[in-house]
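Undergrad: Sequence and predicted structure are below.
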Amino acid sequence: MQSANKVALNTGILYIRMLITVGISLYATRLVLSALGSSDYGIFSLIAGIIAMLSFLNTAMSTSTQRFLSVYQGKKDLVMQKKVFNHSLILHLGIGIVIVLALEAAGLFIFNGVLNIDPARIAAAKVIYHFMSATVFFTILAVPFLGSLTANENMLWISIVNVIEIVLKLIIALMLFVYEGDKLIFYGLLTAGVSIVTFILYAVYCLKKYAECEIQRKLDVDKSLLKELSSFAGWNLFGSLCSLGRVEGLAILLNVFLGTVVNAAFGIANQVAAQISFFSLTMLRAINPQIMKSEGSNDRKRMLRLTMIASKFSFFLLAIVAIPCIFEMTAILQVWLKTVPDYTVGFCSLILISALINQLTIGLQSGLQATGKIKVYQAVVGTTLLFNLPIAYFFLKSGFPPYSVIISYAFIEACACCLRLFFINKIAQLSYKEYFQKVFLKELIPVVSVVAVCLLMTRTLHFQYRFIATILVSGLVFMVMIYFTGLCADEKEMILNLMRKTKSTLQKRKQVLV
């Protein structure tokens, strides 16, 4: 019960963070698009688009540190926690240097006739690329500290840093309107600076707060631990880079065949998906430490149950916003951006559908991470994701419309979901039947209900800002259907217990105040 309260508290903290950051981030994107224009914004999305995905890379890689710290926290072994942190710090410093060198080496080739960029803007694009490399380095170096914060379930400081980060980005967006030089270079420089500030905030806090975050000057290298961490982090990095490589690869293909304006549409679509996905990632980040600790304490049954809860609730939290947004995408983008680049509506809708498919098995990734047996899983699923690139190349080369690229994207996501279910069954013996009964089938009726409501409203009602009514009404129907048809008995009891606990706590505080 205490762990459930901790998850609920952290989820609440992350949701408050999300409500602050999502609105600011979307508004900042509108300002940047307006200040830079579609062409320069497309260049930034193409060359430095990986920056928008770095939060995902950061979270994925921090799972390595978090997983080992959580295991030894469950065993109450502080000595091993210190060893894990120090070895992880050395490891990620090395990873950061290698990736920066690889990026800089790749930069020597991609600007030599590969990218479809106005020759007058090539110099600016190269500068942006160097800033991106610096951003990648500091983001990777922050991973051990983020992993420690997550293992200690300290979502409050993570949220505070995220709010500071997004406010700084809003300030940068506003500064673009008064800066008279090259706005694209200026934006890239300050965005890279934000990553340095974020790293410092994470590092200083962890070094002062947590006993395991003690940098040892004379570290006796444990080769077996370093090998285990390296293998785990390496395969995690492989999986993350495959996901990022697919997105950036698609951006390059769209650029080569269709130019930077289509890159602007693709960049905006990924920005929308990233912001809306915060709804589900919030829940997942809060529950991940409990999944890891359950496996570390040899409670496989609880670990598997938590992975199913994580998948189901993450899907619900994304669907409650994503489904009405798909139906009202045209109106939302017109209000948000005013000038909407071509293809943006279709790209955004299809990317959100792909994100919904991904959420069907999102919790299984955490379960597989907890077992530590990820080598074959990451190799197979990561390679599957990269198959999207040759498929997209074939479609574009054959003259298919740009939307075909995102349709293949959704199909590959469905294949990855099937593979995750296969691997969790083989590695952790999760029953296919149990997963279908407790997750897939429980999601079906709420989804059908909200789709029906959205169809009814969009086809019968016609007034300005209808999308607000669609989101509110469909959200209310969705929550009601989730409670009555989407939850298992133990999940309902858990929610009711949390509500009783919260009510009791509020009553006690009220009596104290009186």
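TA: Thanks, I have the structure now. Numbers count the residues shown, from 1 in each chain.
Undergrad: so where do the helices sit in the stretch 101-250 of the chain?
TA: Across the stretch 101-250 of the chain, reading from the start of the chain, the helices by DSSP state H, counting those that start in this stretch fall at 122-141, 143-151, 155-175, 183-209, 223-258.
Undergrad: Just name the most buried of the ones you listed.
TA: Per-residue neighbour counts averaged over each of those give the maximum for helix 143-151, namely a mean of 27 (mean count of other CB atoms under 10 Å). Placement of C-beta: from N, CA and C, glycine included.
Undergrad: Mind listing residues that contact that one?
TA: Surrounding helix 143-151, the residues in contact under the criterion CB atoms under 8 Å, 6 or more residues apart in numbering are 58-59, 61-66, 69-70, 73, 85, 88-89, 92, 155, 157-158, 199, 202-203, 205-206, 210, 212-213, 285, 288-289, 292.
Undergrad: repeat that for 6 Å
TA: Helix 143-151 is touched from outside by 61-62, 65-66, 69-70, 88-89, 92, 158, 202-203, 206, 210, 213, 289, with contacts defined as CB atoms under 6 Å, 6 or more residues apart in numbering.
Undergrad: average pLDDT for that helix?
TA: In this model, helix 143-151 has a mean pLDDT of 86.
Undergrad: could you give the angle of that helix to helix 183-209?
TA: Taking axes from the mean of the first three to the mean of the last three CA atoms, to 10 degrees, one finds helix 143-151 and helix 183-209 inclined to each other by 60 degrees.
Undergrad: where's the residue nearest to N288 when sequence neighbours are not counted, which helix or strand?
TA: Spatial nearest neighbour of N288, chain neighbours left out: S366 (5.2 Å); criterion: CB to CB, 6 or more residues apart in numbering. Element membership of S366 [criterion: DSSP states H and E] is helix 362-371.
Undergrad: And for the helix or strand that contains G267, what's in contact with it?
TA: In this structure, G267 is located in helix 260-276 according to DSSP H and E. If you take CB under 6 Å, 6+ apart as the criterion, helix 260-276 is touched by 22, 25-26, 29, 38-39, 41-43, 45-46, 49, 251, 254-255, 321-322, 341, 343-344, 347-348, 351-352, 355, 402.
Undergrad: if we can go back for a sec, in whichever helix or strand comes after the helix holding S366, what counts as buried?
TA: Following helix 362-371 in sequence order, the next helix or strand is helix 375-386 (DSSP H and E). Of the residues in helix 375-386, 377-378, 381-382, 384-385 count as buried by neighbour count, 16 or more other CB atoms under 10 Å.
Undergrad: Using a markdown table, lay out the residues you listed together with distance to D222 and pLDDT.
TA: Below are the buried residues of helix 375-386 laid out as a markdown table (distance: CB to CB, whole Å; pLDDT from 0 to 100):
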| residue | distance to D222 | pLDDT |
| --- | --- | --- |
| Y377 | 25 | 93 |
| Q378 | 24 | 91 |
| V381 | 30 | 93 |
| G382 | 28 | 90 |
| T384 | 34 | 93 |
| L385 | 33 | 91 |
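Undergrad: closest to R466 among those?
TA: Using CB to CB, the shortest approach to R466 within the buried residues of helix 375-386 belongs to L385, at 36.3 Å.
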